[in-house]
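A.B. asks: okay, predicted coordinates and the sequence, questions at the end:
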Amino acid sequence: MVTKAAEDLFALKKYDQAAVAARSILELTGDTKLSMRKTAWLIVAQSELQSGHYARAESAYKIAQTLSKPNEPEYQAIKEGLAASVYKLGEQARETGDHQGAAKHFARVATVAPGSDIAIAAQYDMAASYIAKEDWSQAINALENFRQKYPTHQLTKQVTENLALAYVKTDQPRNAAHEFETMINYQTSVDVRRDLQWRIAE
């Protein structure tokens, strides 16, 4: 099989070489089978992702996705790989202090893999990026949207705490008080509960 060399290199974690080998297959002229092209693009995508070349991985996954059908076994893996690539771009932007760019990448995850675990995490991270940027109105929108979509998610407590902060920062005392009341319900510390009650009274 023409793709075997690239697959073997990927299995050996020689990702740069695997990507080069797979791209050489794509440069072949003639009647290259669709399945072979799809496999080659998938190897390129996976190799670029593992190498930390997230933008190139995203592009390769998108091409692999266009060559696949939703009912094919590898389609879900392609979608998850695409989502991971975009998410990693968000993390990369966040690490450099580009919180606006990070938020945009995290927002894109939901468009490529809606409802997935990584999309849920990305939506929360988008809100966290807006908080880091002190863009409180965008943070509130993202947090409220998260809670509406995933009311029972394990991150709901953090969402409530962040909403309380955002409402305080935007001078919305009534909304902040509502979040503090919600926080009291799951706090076990007497001191913390007392502090929250004082904040509500303010």
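C.D. replies: Alright, I've got the coordinates.

A.B. asks: what's the burial count for residue 103?
C.D. replies: Counted by other C-beta atoms under 10 Å, the residues lying close to residue 103 total 27. Quick note: C-beta positions are derived from backbone N, CA and C, even for glycine.

A.B. asks: which element is it on?
C.D. replies: For residue 103, the enclosing helix or strand under DSSP states H and E is helix 99-112.

A.B. asks: please apply the same query to residue 120.
C.D. replies: Assigned by DSSP H and E, residue 120 belongs to helix 117-133.

A.B. asks: angle of that helix against helix 99-112?
C.D. replies: 160 degrees (axes from the mean of the first three to the mean of the last three C-alpha atoms, to 10 degrees).

A.B. asks: which residues does stretch 132-146 contact?
C.D. replies: Residues outside stretch 132-146 that contact it (C-beta atoms under 8 Å, 6 or more residues apart in numbering): 94, 99-100, 103, 123-124, 126-127, 130-131, 153, 155, 159, 162-163, 166-167, 169-170.

A.B. asks: show me where this protein dips below the pLDDT cut-off.
C.D. replies: Within the chain, the ranges that satisfy pLDDT under 70 run 1-2, 29-32, 185-202.

A.B. asks: pull the longest helix from it.
C.D. replies: Longest helix in the chain by number of residues (criterion: DSSP state H): helix 75-95.

A.B. asks: distance from the helix holding residue 103 to the middle of the chain?
C.D. replies: Chain-centre distance of helix 99-112: 7 Å, with C-alpha atoms, centre = their mean, to the nearest Å.

A.B. asks: can I get that helix in CSV? Just the C-alpha atoms.
C.D. replies: What follows is helix 99-112, C-alpha atoms only, in CSV (Å, rounded to 0.1, in the frame of the first residue of the first chain):
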residue,chain,number,x,y,z
HIS,A,99,-7.2,36.7,25.0
GLN,A,100,-9.3,38.2,22.2
GLY,A,101,-7.8,35.8,19.7
ALA,A,102,-8.2,32.9,22.2
ALA,A,103,-11.9,33.7,22.6
LYS,A,104,-12.4,33.7,18.9
HIS,A,105,-10.7,30.3,18.5
PHE,A,106,-12.6,28.8,21.4
ALA,A,107,-15.9,30.1,19.9
ARG,A,108,-15.1,28.3,16.6
VAL,A,109,-14.8,24.9,18.3
ALA,A,110,-18.6,24.7,18.7
THR,A,111,-19.0,25.2,14.9
VAL,A,112,-16.8,22.3,14.0
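
A.B. asks: counting by contacts, list what that helix packs against.
C.D. replies: helix 75-95, helix 117-133 (3 or more C-beta pairs under 8 Å, 6 or more residues apart in numbering; DSSP states H and E).

A.B. asks: flag every buried residue along that helix.
C.D. replies: Within helix 99-112, the residues that count as buried by 16 or more other C-beta atoms under 10 Å are 99, 101-110, 112.

A.B. asks: among the contacts of stretch 132-146, name the buried ones.
C.D. replies: Buried among the contacts of stretch 132-146 by 16+ other C-beta under 10 Å: 94, 99, 103, 123-124, 126-127, 130-131, 153, 155, 159, 162-163, 166-167.

A.B. asks: before we move on, the earlier item: just want the angle from the helix holding residue 103 to helix 75-95.
C.D. replies: Angle, helix 99-112 to helix 75-95, by the same axes, to 10 degrees: 170 degrees.
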